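In: Need the 3D shape of this:
(one chain, ligands or ions: 1)
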Amino acid sequence: MKCLVTGADGFIGSNLSLELEKAGHTVIALSHSGRNAKNLEGFKGTAPRGDIRTFDYDSLGKLDAIFHQAAITDTTVMDEELMYSVNVTAFEKILDFARRTGCPKVVYASSAATYGKGSVPMKEDQVPAPANIYGKSKVVMDKAAREFNKKHPEVSIVGLRYFNVYGPREYHKNKSASMVYQLYSQISSGKPPRVFKWGEQYRDIIYVKDVVKANLCAYTFRGSDIFNVGTAIPTSFNKTIEILNGLLKSNKPTDYFDNPYDFFQEATLADMKLSNNKLKFSPDFPPEKGIADYVKILKQPNP
Ligand SMILES: NC(=O)c1ccc[n+]([C@@H]2O[C@H](COP(=O)([O-])OP(=O)(O)OC[C@H]3O[C@@H](n4cnc5c(N)ncnc54)[C@H](O)[C@@H]3O)[C@@H](O)[C@H]2O)c1
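Out: All right, here's what the predicted structure looks like:
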């Protein structure tokens, strides 16, 4: 297949571009500025640069699939107009490009942020309750995909609501990188791990290799829908620290501090029934296995 990956030098986009290329596909890897070019080291395909809001998609010719990963991913961005122009309007432009040029498949990154502080386990059909502008933009994206699909069912559109993704090539996200990465960085540099009191908040953490797998399932899926991408396993911050301490042979006591954010999610957990049964996706890496694989990579001289 000839496909486009947007956000291709980002965390998930780079892992996906490299894996698609390894599997023999012709990949066009669209990056914004090339700021994270290190993430695409070894990639041999075409790698144009441009803003997803203004990029000349028609110059790419006919595609078999689009994997849309680009977005403003910083959940603290408060500029609603900017957030919507990048996360929603550019997505609508991509859907329209797919329709006009006969591209039969668009897979896009939605998010568990659409559920916000909603009840767990989080199911695809529960009422969205986003807690920030980023989450709202993903709810609007999902709505735009559904509405577009009603008018143009010939384009298969699959939304993937990623939960908390961790894995190689996320270093550039700094404060927005995963808790696994933050805690690994603290422990491996000899500092005590730091989490909000009392570390029993939990997340559904999903390894980026499984997120790539979910995108491949979405490519072969017939039809249009929105699916959770998690493990359905709750992993508390304390549990993550315990796993990392074991792998790094550390036993520094955890530094617990007060949580200053009132929009903080206490828990995220995916209901994976729809994904398992309809998308035929199930993860290969439960948290202990995924973190062990990641730590092995992080310990290499130039991860
Ligand atoms: N990492 C997670 O835990 C997680 C969870 C849920 C959803 N997601 C979604 O997955 C997708 C990928 O996220 P990520 O974790 O790889 O983040 P990332 O920040 O590493 O990647 C986002 C990419 O989008 C690009 N981008 C931003 N604005 C752009 C613009 N105007 N034009 C062109 N490119 C632009 C950035 O340059 C970056 O490469 C995003 O849509 C994000 O919302 C991620």
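In: got the contact list for the residue nearest to Met122 when sequence neighbours are not counted?
Out: Spatial nearest neighbour of Met122, chain neighbours left out: Tyr115 (4.3 Å); criterion: CB to CB, 6 or more residues apart in numbering. For the C-beta atoms, the positions are set from N, CA and C on the backbone; glycine is no exception. Counting by CB atoms under 8 Å, 6 or more residues apart in numbering, Tyr115 touches 122, 126, 128-130, 161, 268.
In: Go again with 7 Å.
Out: Residues in contact with Tyr115, defined by CB atoms under 7 Å, 6 or more residues apart in numbering, are 122, 126, 128-129.
In: can you check Tyr134 too?
Out: Applying CB under 7 Å, 6+ apart, we find Tyr134 in contact with 72, 75, 77, 83, 113.
In: The residue nearest to Leu63 when sequence neighbours are not counted in helix, strand or coil?
Out: Excluding the flanking residues, the one nearest Leu63 by CB to CB, 6+ apart is Cys103, at 4.5 Å. Put simply, Cys103 is coil when judged by DSSP: H, G, I helix; E, B strand; the rest coil.
In: packing partners for the helix or strand Phe97 falls within?
Out: Assigned by DSSP states H and E, Phe97 falls within helix 90-101. Using 3 or more CB pairs under 7 Å, 6 or more residues apart in numbering; DSSP states H and E, the elements in contact with helix 90-101 are strand 65-68, strand 105-111, helix 133-151.
In: Give me the residues contacting the second one.
Out: Contacts of strand 105-111 with the rest of the structure, by CB under 7 Å, 6+ apart, involve 12, 64-69, 71, 91, 94-95, 98, 135, 138, 141-142, 145, 155-162, 215, 218-219, 226.
In: now, which of these lie close to the ligand?
Out: 12, 69, 71, 162 (CB under 6 Å from any ligand atom).
In: Run a quick neighbour tally on Lys123.
Out: Counted with other CB atoms under 10 Å, the neighbours of Lys123 add up to 15.
In: Smallest gap between this structure and the ligand, at which residue?
Out: Gly10 (2.3 Å; CB to the nearest ligand atom).
In: burial count for the nearest residue to that residue once chain neighbours are set aside?
Out: Nearest non-adjacent residue to Gly10, counting by CB to CB, 6+ apart: Gln69, 6.1 Å away. The local packing of Gln69 (other CB under 10 Å) involves 27 other residues.
In: these two touch, right, Gln69 and Cys3?
Out: No - look at Gln69 against Cys3 with CB atoms under 7 Å: they stay out of range, at 11.9 Å.
In: What parts of the stretch 151-300 of the chain come near the ligand?
Out: 162, 164-165, 173.
In: re the thing from before, next, find the distance separating the residue nearest to Leu63 from Pro192.
Out: Between Cys103 and Pro192 the computed distance is 50 Å (CB to CB, to the nearest Å).
In: and those two? which has more neighbours close in?
Out: Neighbour totals were compared for Cys103 and Pro192, and Cys103 leads with 23 against 13 (other CB under 10 Å).
In: wait, what's in contact with the more buried one?
Out: Contacts for Cys103 (CB under 7 Å, 6+ apart) come out as 62-66.
In: who does the one residue sitting closest to the centre of the chain bridge with?
Out: Centroid-nearest residue in the chain: Tyr162, 5.1 Å away (criterion: CA atoms, centre = their mean). Beta bridges link Tyr162 to Ser111, Val229, judged by DSSP bridges.
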